[in-house]
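**Q** Pasted the sequence and its predicted model underneath.
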Amino acid sequence: MDYKNGHFLLGGAINPLKLVEKYGSPLYVYEADIIERQYNRLKAAFQVEKLKISYACKALTNISVLKFIKQLGSTVDCVSIQEVQIAIRAGFEPVNILYTPSGVNFSEIEEAVGLGVRINLDNIPAIERFGETYPHIPICVRINPHIMAGGNLKTSVGHIDSKFGISYTQMPLVQGVLESTGMKLEGLHMHTGSDILNPEAFLAGADVLLNLAKEFPDLDYIDFGSGFKVPYKPNDLETNIEELGEKLSAKFNTFCAEYGRPLTMVFEPGKFLVSEAGSFLVTVNVVKHGATTVFAGVDSGLNHLIRPMFYDSYHRISNISNPEGKKQTYNVVGYICETDTFASNREIPEIAIGDVLCLHNAGAYCYSMSSNYNSRLRPAEVLIYQGKDYLIRERETIEDLLKHQIDVF
Ligand code: LLP
């Protein structure tokens, strides 16, 4: 189903094997078309007067990807001062950048203020200090709606015991700070997790936010976060964006009518925009017949794509050198000095040394969570845009690894 003419990138127009020949292996490849498709799909799902899609750039921070997403009309969500700096270099106006830190030193918040970006705070001491220091700058507050949602505990961030957000029950304290400092609240925000299948989790969170919003007259926007689940396998389930769009838009429009003016509805998708756009191409170094298992060992590992090892995530794997081969069962493993299994007991067309495998859904949280463990080099990244391939990050070299090391002997 992936393949047309033996290829799958751009619906069959580009042969990924040619990209590996040209740029080497392993290689991350992203398809701008798919990002655009996802962006347009999300925009179309919500029928409200003002809608903002604010790309959660932690998913994939390459500056060319940011620039592409910016020209689609997106704003951007950043969680560190470094992401803010990259977003500014990508050309985003500071007013179109929301900075949502967690547990940072106040000096980082001051730096973000200096850059002129919007500030989203999630703890009362920081809000108090912000109000005393910058009473004239309006803020957004991240709410913890006490909702358990998402694909796994590591990424479930809106439940009562989560470190994120201010419990909605503590909002009178925020109200007190606003009254005593004169600071305004321009936004309310939540983000409850990733891989959230059920629209009801978003709707329940929205109820909490909209109920609180009635108490704050100066709001400009309500940010419903993200966490939309994308399909990882053929026929896999995904968040029904269209159903969510219909139900949430109705709720939001009713709220705005009661509030007296239209607010902006904001979403900050990472995975939804870029996950399916990414393919990670790796080459098989070893086919090893163990006592009970056949291993296909590739020229990569948890240093390049950690999601299967960290979250037990499923990434579909195709053998693009032998797509029509007879299926066999493999453990696809990396070259790192720890157990780094990409897939267990997976049926894949017969694999030989030198074959190129593709790990699908490699756009979100793959390169951006990569490391130099085992002193391995990070791969190159390529963006396919309007039918052409562009190198958007060079493969690292040994010099990159040594660049900041200081030899004192
Ligand atoms: N907004 C905030 C404040 C977030 O913390 C996140 C993700 C997003 C938006 C975007 O969520 P998304 O649309 O991508 O689900 N590394 C994990 C996902 C962790 C996401 C952390 N925050 C993974 O690979 O599944």
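**A** That came through fine. What you are looking at is a predicted structure, and each value in this text was computed from that prediction instead of being measured. Residues are numbered from 1 along each chain as shown.
**Q** buried stuff in stretch 326-336?
**A** For stretch 326-336, the neighbour count (16 or more other CB atoms under 10 Å) marks 330-336 as buried. Where you see a C-beta, it was placed from the backbone N, CA and C, and this is true even at glycine.
**Q** Longest helix in this protein, please.
**A** helix 241-259 (DSSP state H).
**Q** Helix or strand next in line after that one, which one?
**A** strand 264-267 (DSSP states H and E).
**Q** Show me the contact partners of that following strand.
**A** 42, 46, 48, 50-54, 75, 98, 187, 189, 220-226, 248-249, 252 (CB atoms under 8 Å, 6 or more residues apart in numbering).
**Q** what residues does the protein put near the ligand?
**A** 56, 59, 77, 100, 155, 191, 194, 225-228, 268-272, 307, 311, 364-365 (CB under 6 Å from any ligand atom).
**Q** what's the closest non-adjacent residue to E381?
**A** In this structure, E381 finds its nearest non-sequential neighbour in R393, 4.0 Å apart by CB to CB, 6 or more residues apart in numbering.
**Q** That neighbour: what's it in contact with?
**A** Residues in contact with R393, defined by CB under 8 Å, 6+ apart, are 62, 367, 380-381.
**Q** now with 7 Å?
**A** 62, 380-381 (CB atoms under 7 Å, 6 or more residues apart in numbering).
**Q** Over to A201?
**A** 147, 149, 192.
**Q** Go through those and give me the one with the most neighbours.
**A** With neighbours taken as other CB atoms under 10 Å, the top of those is T192, carrying 30 neighbours.
**Q** Surely that one and I147 touch.
**A** Yes. Counting by CB atoms under 7 Å, T192 touches I147, with 4.9 Å between them.
**Q** what touches both of the two?
**A** Joint contacts of T192 and I147 (CB under 7 Å, 6+ apart) are 158, 201, 205.
**Q** what about the helices in the protein?
**A** 16-23, 32-45, 63-71, 81-89, 106-115, 124-133, 171-181, 199-213, 241-259, 271-274, 307-311, 398-402.
**Q** List the contacts of the last one.
**A** Pointing back at helix 398-402 there. 372, 375.
**Q** and it, average pLDDT?
**A** Averaging pLDDT along helix 398-402 gives 98.
**Q** next one: the longest one
**A** Per-residue pLDDT values across helix 241-259 average out to 98.
**Q** So what's the gap between that helix and the chain middle?
**A** Relative to its chain's centre, helix 241-259 lies at 24 Å (CA atoms, centre = their mean, to the nearest Å).
**Q** Just give the closest residue to the closest residue to the ligand within the stretch 1-150 of the chain, not the sequence neighbours.
**A** Of all residues in the stretch 1-150 of the chain, A56 sits closest to the ligand, at 3.6 Å by CB to the nearest ligand atom. Distances taken as CB to CB, 6+ apart place G270 nearest to A56, at 3.6 Å, with adjacent residues excluded.
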